[in-house]
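In: The following comprises the amino acid sequence and a computationally predicted model.
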Amino acid sequence: MKNLSFINKIIYIINLIFAVLLLFSFILPYLPPRTFAILAVVNLGVTFLIGLNFLFVLYWLIRLKRQCLLSITILLIGYFLYGSLYRFTSVKAVSHPENIKVMNYNVRLFDLYDWIPEDNTQDKIVEFIKKESPDIICIEEFHPREQLDFSFYKYRYQKIAGKKVKHGQAIFSKFPIISSGSLGFENTSNNAIFADIVKGVDTFRVYNVHLESLHINTQVESLRKETSERLFKRIETSFIMQQTQSELFLKHKKNCKHKVIVCGDFNNTAFSYVYRKIKGDLNDTFDEAGNGFGRSYDFKFFPVRIDFILADKAFNVNGFKNYDEHYSDHYPIMATLSLE
């Protein structure tokens, strides 16, 4: 610090603050939101914090200053704890009769209120799904409409609620569904549903999990109009509900005798407590075979991954794909799996 100019001393202090925040975010996935809910807000900005610390590294390297070691050290800790934020390689899905293509897609009520500046968005969503032809698809924020044609799936399970606007979750499958059900999260429109699916001699369970939304409007103008106290209180409440919902899910999953695939919109990142608990010893298919940042939510400022497909270790992960189709505030994701 002694050899730094006044401006660089200020920059280093700012660097120190964001480095400590990033280090703190690496610890938070191990702290229950019910106890540390407001602190968990930091996890939502991990991607931003990583990017900012990387910029600080470049800044100090260009000036040949050893202050670069601060952010380098924190970034290396994160790398060894969680791996790279960006996946440089992907497994190319190979066509094979044993492959099972599993898609997850939050369709945002099929654009019921015309959020997307395109015509016939609901038809485009259905045509996209039909074209990609996943064997199994889990849909969040499903809104049943007469003109929706999912007849290309023989088997389905839907759990729909709501008085004014009917919505819920759905699982569509090309393979027989022999049993299904709903966990019924309390005091919310969010939920988790499941379907036991038979393929050949194998039976496995697919969960569709939609954890509590943070109820944040990502438009800058809307955020400016809201007081920080109200915003943080709402986020705190949502994090606590997410923990309760994840505990209910894990209790249900513990009694399952089949191999499982967990799909869903967790409304939280891979650096969160609920993600860590739900993932457990399952494989994150993006980590296994994905490429890039894995963005699954439409946020303008940095890539956000809050939609997941997790698979039992009995499944081989033969491919993973993020799509860019912008028909919702979420982007579809698909994993290619096979049973050993």
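Out: Everything's here; your move. Numbering: from 1, shown residues only.
In: where does the stretch 1-150 of the chain dip in pLDDT?
Out: In the predicted model of the stretch 1-150 of the chain, residues 89-94 satisfy pLDDT under 70.
In: ok, 90 please
Out: When the per-residue scores of the stretch 1-150 of the chain are filtered using pLDDT under 90, the ranges that remain are 1-3, 28, 34-45, 81-98, 117-118, 145-147.
In: ok, which stretches of it are strands?
Out: Taking DSSP state E, counting those that start in this stretch as the criterion, the stretch 1-150 of the chain contains strands spanning 100-106, 136-142.
In: what would those look like in TSV with mean neighbour count?
Out: The way it works is simple: take the backbone N, C-alpha and C, and place the C-beta from them, glycine included. Written out in TSV, the entries for those read as follows (neighbours: other CB atoms under 10 Å):
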stretch	mean neighbour count
strand 100-106	24
strand 136-142	27
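In: Tell me which of those strands lies nearest to Gly162.
Out: Nearest to Gly162, of all the strands of the stretch 1-150 of the chain, is strand 136-142, at 10.7 Å by CB to CB.
In: Partner strands of that closest one and their direction?
Out: strand 100-106 (parallel), strand 167-173 (antiparallel) (DSSP bridges).
In: hang on, the earlier thing: including distance to Tyr157, could the strands of the stretch 1-150 of the chain go into JSON lines?
Out: Written out in JSON lines, the entries for the strands of the stretch 1-150 of the chain read as follows (distance: least, CB to CB, whole Å):
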{"stretch": "strand 100-106", "distance to Tyr157": "15"}
{"stretch": "strand 136-142", "distance to Tyr157": "10"}
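In: Same list (the strands paired with strand 136-142) but as TSV, adding distance to Ser71.
Out: Rendered in TSV, the data for the strands paired with strand 136-142 read as follows (distance: least, CB to CB, whole Å):
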stretch	distance to Ser71
strand 100-106	34
strand 167-173	41
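In: Go through those strands and name the closest to Leu183.
Out: Nearest of these to Leu183, taken as CB to CB: strand 167-173 at 10.4 Å.
In: The very next helix or strand once past the closest one vs strand 167-173, what angle?
Out: Secondary structure here is assigned by DSSP states H and E; on that basis, the next helix or strand after strand 167-173 toward the C-terminus is strand 177-182. Interaxial angle, strand 177-182 versus strand 167-173 (axes from the mean of the first three to the mean of the last three CA atoms, to 10 degrees): 160 degrees.
In: With only the CA atoms kept, save the next helix or strand after strand 177-182 in CSV.
Out: Elements were assigned by DSSP H and E; along the chain past strand 177-182, the next helix or strand is strand 191-199. The C-alpha coordinates for strand 191-199 follow below in CSV (Å, rounded to 0.1, in the frame of the first residue of the first chain):
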residue,chain,number,x,y,z
ASN,A,191,-44.8,-26.5,-5.8
ALA,A,192,-42.9,-29.7,-6.6
ILE,A,193,-44.5,-32.6,-8.5
PHE,A,194,-43.2,-36.0,-9.6
ALA,A,195,-43.8,-38.8,-12.0
ASP,A,196,-42.5,-42.4,-11.9
ILE,A,197,-41.6,-43.2,-15.5
VAL,A,198,-40.9,-46.6,-17.1
LYS,A,199,-38.4,-47.1,-19.9
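In: Offset the numbering so it begins at 738, please.
Out: Yep, numbering from 738; the last one is strand 928-936 now.
In: residues making contact with strand 928-936?
Out: Contact partners of strand 928-936, identified using CB atoms under 8 Å, 6 or more residues apart in numbering, comprise 837, 873, 892, 894, 896, 898, 905-908, 910, 912-922, 940-947, 982, 985-986, 989, 995, 1001, 1076.
In: and the next helix or strand after it, which strands flank it?
Out: Proceeding C-terminally, strand 928-936 gives way to strand 939-947 as the next helix or strand, assigned by DSSP H and E. Sheet pairing here is set by DSSP bridges, and for strand 939-947 it gives strand 928-936 (antiparallel), strand 996-1002 (parallel).
In: which other residues reach strand 939-947?
Out: Contacts of strand 939-947 with the rest of the structure, by CB under 8 Å, 6+ apart, involve 839, 841, 843, 873, 875-878, 906-908, 910, 915, 927-934, 986, 990, 993, 995-1004, 1015, 1049, 1076.
In: Go again with 6 Å.
Out: When contacts are defined by CB atoms under 6 Å, 6 or more residues apart in numbering, strand 939-947 is touched by residues 873, 875, 877, 906, 908, 927, 929-934, 986, 993, 995-1002, 1076.
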